[in-house]
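> I need the structure of the sequence given here:
(one chain, ligands or ions: 2)
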Amino acid sequence: MNRIRLLPEQVANQIAAGEVIERPASAVKELVENSLDAAATRVTVEIQAGGRSVIRVIDDGTGMSRDDALLCLERHATSKIRRAEDLAAIATMGFRGEALPSIASVSRFTLTTRERDSTGPEGTQIVVSAGKIIAVKAAGTAPGTSVEVRQLFSNLPARRKFLRTEETEAAHIQHYLTLAALAYTEVAFTFQKDGRLLWQLPALKTGKDADARLASLRERLRALYGGEQRLLRVDYSADLSEPPLSAGSESGDSAVDPASRDHLTLRVWGYIGAPGVSRATREDQHLFVNRRPVENRGLNYALLEGYHTALMKGRFPVCCLFLEIDPAAVDVNIHPAKREVKFHQEGAVRRLVADAIRQTLLRFHTAGTEVQGQKPAADEPRPEVGATARPQPAPPGEQPSLPNLPARLRPPPSNPAALPPSQPGLEMGFGQEPSLRIAPSESRVAAPPSPTRPAEVQQTVPSTTSSSSPVPLLAVPLRLVGVIGKLYVVLESDRGLVLLDQHAAHERILFEQMLNRLEQNAQAPSQRLLLPETVELSARDSNFLREQLPVLTRLGVGLSEFGERTFLLDALPPLVKATDARRFVLELVDELKAAGQEVNTLRLGEQTVAKTVCRHAVKANDPLAGRELEHLVEDLRRCAMPYTCPHGRPTLIEMNFRELEKKFGRVQ
Ligand code: ADP
Ligand code: MG
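Residues are numbered from 1 along each chain as shown. Ligands and ions are numbered 1, 2, ... in the order given. Next up is the predicted model:
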C-alpha cells in the first residue's frame, strides 16, 4: 500500500513558515529585507500589539507588475537568483523565494504594489487569507510596495501561544530595525508602534568613500542610541589570501581554490567601544557581513581576541562593525532565518578581524586616534561648561602643593604626538549612562596654556573650536593631590579630578615590561626567593605545568621539577610576591588552561602567564611616596595600552568639572 503523498502547497508553506517566521520580528525582517532588495529609499514600518495584530511595511522601491505580484506568492518564486550557481555568491538579502508565501500562509495578508518604472497608472492589490488568495484587484497606490500582515499565526494556535508579551515582541522588532537602519544609512526609516511615532530617521548621504560611510554610520548611531558613546573608528582592510600564520589555521581555509584567493580582500569598518567600554552581554555587539546582520562564533571570538587585555573577563565588546568580502567567499544559506553565515576561510577572517580590533585599540593609545564621541560635533554649540563655577587651575609653581609631593606630573615632552588620546570611561554599552563618565565633548575644553611650556600644551591640547577629538587624559598635565585608602591616587588635571588605581596601573606597567622583554627575546628579571617552596600538584596538572616551564622561566618565574608531581618555586619577578606559593602556581595552571581553550598561540600563552604574574604585583597596598607615584604615572604614560590593567579593568577614571558641578547641584 502506498502511504506517501505530496503535501498540499498550503501545508508546505506553513511548514516553511514554521522555520522562517518564528515571531512577528521575523516577518518584519523578511519584509524590510525585500524593501531593501527592491532599492527602496524610504521604508516605513508600523506595528500594533507587538506585531501580533498588525504589521505594515511600506516602501518606495521598484514595486511589482501584476504578474509578478501574483507570482511572488508562490513558493520558490524569486527575482534574485536564477541558477544553482547563483547560490554561491549572493548579493541580496533574500534569495529563497519563500518569505512572502510563508507569511501569507499564516496570516491575513494584503500586498499592494505598483511598479516604479512603469507608466501604468494603477497598481495591484492581492488579499490572501491563511494562504488562500481571496481577491486580486487593481488599486490606486503610490509607486512601491506595501505589505500588511494581520493576525499573524491566527491559524496556528500553537505558534501563537509561544509568542511573548507585546513589549517583548515589539522589542525584537525594534532590534531588527535598528540593525537594518545601521546597515542602510542611505535609506530613510520610519517606525511607528501602536500609532506612536518612535523613529523618523532621515536618509543620509553615503557613498563609496570610507569617511562618508563612517560619518553616516556615526550619525545613525547617534540618532538611534542618543547620548554619548566613546567609540573608536575602525577602518581596516587586509588581504585574506596572505598565507595564514601557522597557529590557528583551519581546515576550511583550503576550500577556496588558490587561484581565486589572489584578490580576496576583507574590509572591516565601523566603530568599536574604547577601552573600558563594555557590556555584560553581547547586546550591543552588532556585526554585519556584506550588510547582513549576522551571528558567527568565530567573529565573537575574534572580537574578544582583539580586545584581549582591554576587556574585563565576562564582559563583551560594544561594536558596530561591517565586514565586506567577496560574496563568493561566504555562505549565507546555512540558517533558516539567514542569521548565520559561514566563511570559506573562517580562520583567516577571524584572525584579520582580531587584528583590525587590536590595531584600532593600539592606535588609540599611541597615535592619537580620534575618539568618536556621539554628542555635538565640533561645530555645534556646546553647553557652557560652567565657566564661572569652574575653578581656574593654578599655574605650575603657584599651586598649593602638598608637602613632600612632586609638583607637576607632566606628559613626556619627547613625543607629544604619540600620546594616547582619551581616558577610559566606565563600563557601558551604546545606550547606557554610566554614573561616572568622561564626555568627549566636555573634555574638549581647552586647558589654559601653561606659562612655562606653551608649545607643548598647544600640541597636546587642541583648542575648543579647532578639533573634535578629545584631549587624552594622560596627555594633559596631572598634579598629584594625594593617596586615599593606600590604593587610589588622587590627581588633578585642568579638567577635573582623576583617580588612579595604583595596583591596576602597576599591573599594566609590569605586564608590558614583561612582554617587551619577551619580544626582545630577553629573560625577564627574576629574584631568588629566600625560602624556596615546594608545590605538589595532581598528575594532570603536573603534566600540563611541565610543558609551560620554559615560558614561565623566561618570565622570571623560577619553577622546576622536584619530583614526580612536585615543583620547586625558587624565584619570582621583582615586585611580585606569592604569599601562598601553591595558590599562585595553581592559579597559573588554571589561567593557562582556560586560555588554552580559547587561544592556542604561544604568544597568548605568554600573555596569560604575564597577566597572572602581574596580579601578584606588590603595589596593591604598599604606600607609595611622591617620587614613586610620579614614576608610576610616568611609566604608565609609556605603556601601549595605559588605560586598562591586563585584565581589562580601568587604571584611571576621571570626573570632570562638569560632572562635579552636576553632583554638587551647581548645574542641571
Ligand atoms: P526572496 O526575497 O527570497 O526573493 P520573497 O518571498 O521574500 O523571496 O519575495 C519574492 C519576490 O517578490 C522577490 O524576489 C521580489 O522580486 C518580489 N518582492 C517581494 N517584496 C518586494 C518589494 N517590497 N518590492 C519589490 N519586489 C518585491
Ligand atoms: Mg525576501
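> Not counting residues beside it along the chain, what's closest to the closest residue to ligand 1 within the stretch 301-450 of the chain?
The stretch 301-450 of the chain approaches ligand 1 most closely through residue 338 (9.2 Å), counting by C-beta to the nearest ligand atom. Backbone N, C-alpha and C define where each C-beta goes, glycine included. Closest residue in space to residue 338, ignoring its immediate chain neighbours: residue 332 at 5.8 Å, by C-beta to C-beta, 6 or more residues apart in numbering.
> contacting residues around the one you found?
90, 95, 289, 292, 338, 341 (C-beta atoms under 8 Å, 6 or more residues apart in numbering).
> And the third one, what's its pLDDT?
At residue 289, the predicted lDDT confidence score is 97.
> Go ahead and flag the most central residue of the chain.
In the chain, the C-alpha nearest the mean C-alpha coordinate belongs to residue 319, at 2.1 Å (C-alpha atoms, centre = their mean).
> That residue against residue 286, yeah?
Yes - look at residue 319 against residue 286 with C-beta atoms under 8 Å: they come within range, at 6.5 Å.
> Can you pull the residues of the stretch 451-600 of the chain lying near ligand 2?
With the criterion set to C-beta under 5 Å from the ion, the stretch 451-600 of the chain never comes near ligand 2.
> What segments of the stretch 451-600 of the chain are helices?
Using DSSP state H, counting those that start in this stretch, the helices of the stretch 451-600 of the chain run over 454-460, 502-519, 539-554, 581-598.
> returning to that earlier point: got the phi and psi for the residue nearest to the centre of the chain?
When read as degrees, to the nearest 10, the backbone of residue 319 gives phi -160, psi 160.
> contacting residues around it?
With contact set as C-beta under 8 Å, 6+ apart, residue 319 has these partners: 270, 271, 272, 273, 284, 285, 286, 287, 303.
> In the stretch 1-150 of the chain, what residue lies closest to ligand 2?
Nearest residue of the stretch 1-150 of the chain to ligand 2: residue 94, at 2.7 Å (C-beta to the ion).
> Touching, residue 498 and residue 481? I think so.
No - judged on C-beta under 8 Å, residue 498 makes no contact with residue 481 at a distance of 9.1 Å.
> Between the two, which contacts overlap?
Jointly contacting residue 498 and residue 481 under the rule C-beta under 8 Å, 6+ apart are 490, 491, 492.
> For ligand 1, find the nearest of the helices of the stretch 451-600 of the chain.
Per C-beta to the nearest ligand atom, nearest to ligand 1 of the helices of the stretch 451-600 of the chain: helix 581-598, 36.6 Å.
> How about the closest one, which residues are buried there?
When neighbours are counted by 16 or more other C-beta atoms under 10 Å, the buried residues of helix 581-598 are found to be 581, 584, 585, 586, 587, 588, 589, 591, 592, 595.
> Just the closest of the contacts of residue 332 to residue 563, please.
Set against residue 563, the nearest of the contacts of residue 332 by C-beta to C-beta is residue 341 (52.0 Å).
> Retrieve the pLDDT associated with the closest one.
On pLDDT, residue 341 comes in at 94.
> Please apply the same query to the one 4 residues further on.
For residue 345, the pLDDT comes out at 92.
> Can you say which helix or strand has residue 167 in it?
helix 166-183 (DSSP states H and E).
> any idea which of the helices of the stretch 451-600 of the chain scores lowest on pLDDT?
Among those, helix 454-460 scores lowest, with a mean of 28.
> who in this structure is up against ligand 1?
With the criterion set to C-beta under 6 Å from any ligand atom, the chain comes near ligand 1 through 30, 34-35, 38, 59, 61-64, 72, 77-80, 94-100, 145.
> ok, now which ones touch residue 586?
Here residue 586 is in contact with 535, 537, 541 (C-beta under 8 Å, 6+ apart).
> that older thread, just name the closest of the contacts of residue 332 to residue 188, please.
Relative to residue 188, the closest of these is residue 292; by C-beta to C-beta it sits at 20.2 Å.
> how about the closest one, phi and psi?
phi -90, psi 130.
> residue contacts, the nearest residue to residue 65 once chain neighbours are set aside?
Computed as C-beta to C-beta, 6+ apart, the closest residue to residue 65 that is not its neighbour in sequence is residue 115, at 5.6 Å. Residue 115 is in contact with 62, 63, 64, 65, 123, 143, counting by C-beta under 8 Å, 6+ apart.
> out of the residues you listed, which are buried?
Looks like the contacts of residue 115 have 62, 63, 64, 123, 143 buried, using 16+ other C-beta under 10 Å.
> got the residues you listed as TSV, with secondary structure columns?
Supplementary listing: those in TSV, determined by DSSP: H, G, I helix; E, B strand; the rest coil:
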residue	secondary structure
62	coil
63	coil
64	coil
123	strand
143	coil
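> and those residues, which two are the farthest apart?
Pairwise over those, using C-beta to C-beta, the maximum falls at 62 and 123, 12.3 Å.
> Strands of the stretch 151-300 of the chain, start to end?
Here the stretch 151-300 of the chain has its strands, by DSSP state E, counting those that start in this stretch, at 188-193, 196-201, 231-239, 265-273, 285-289, 292-293.
> picking up where we left off before, out of the contacts of residue 115, the closest to residue 204 would be?
Looking across the contacts of residue 115 and measuring by C-beta to C-beta, the closest to residue 204 is residue 62, at 21.4 Å.
> isn't that closest one right next to residue 116, touching?
Yes - using C-beta under 8 Å, residue 62 makes contact with residue 116 at a distance of 5.1 Å.
> hey, what's in contact with both of those two?
Residues touching both residue 62 and residue 116 by C-beta under 8 Å, 6+ apart: residue 144.
> re the thing from before, pick out whichever of residue 498 and residue 481 has more residues nearby.
residue 498 (25 against 18; other C-beta atoms under 10 Å).
> Any idea what the more buried one is bridged to?
Residues in a beta bridge with residue 498, per DSSP bridges, are residue 491, residue 654.
> Spit out the contact partners of it.
The contact partners of residue 498, by C-beta under 8 Å, 6+ apart, come to 423, 473, 478, 490, 491, 492, 652, 653, 654, 655.
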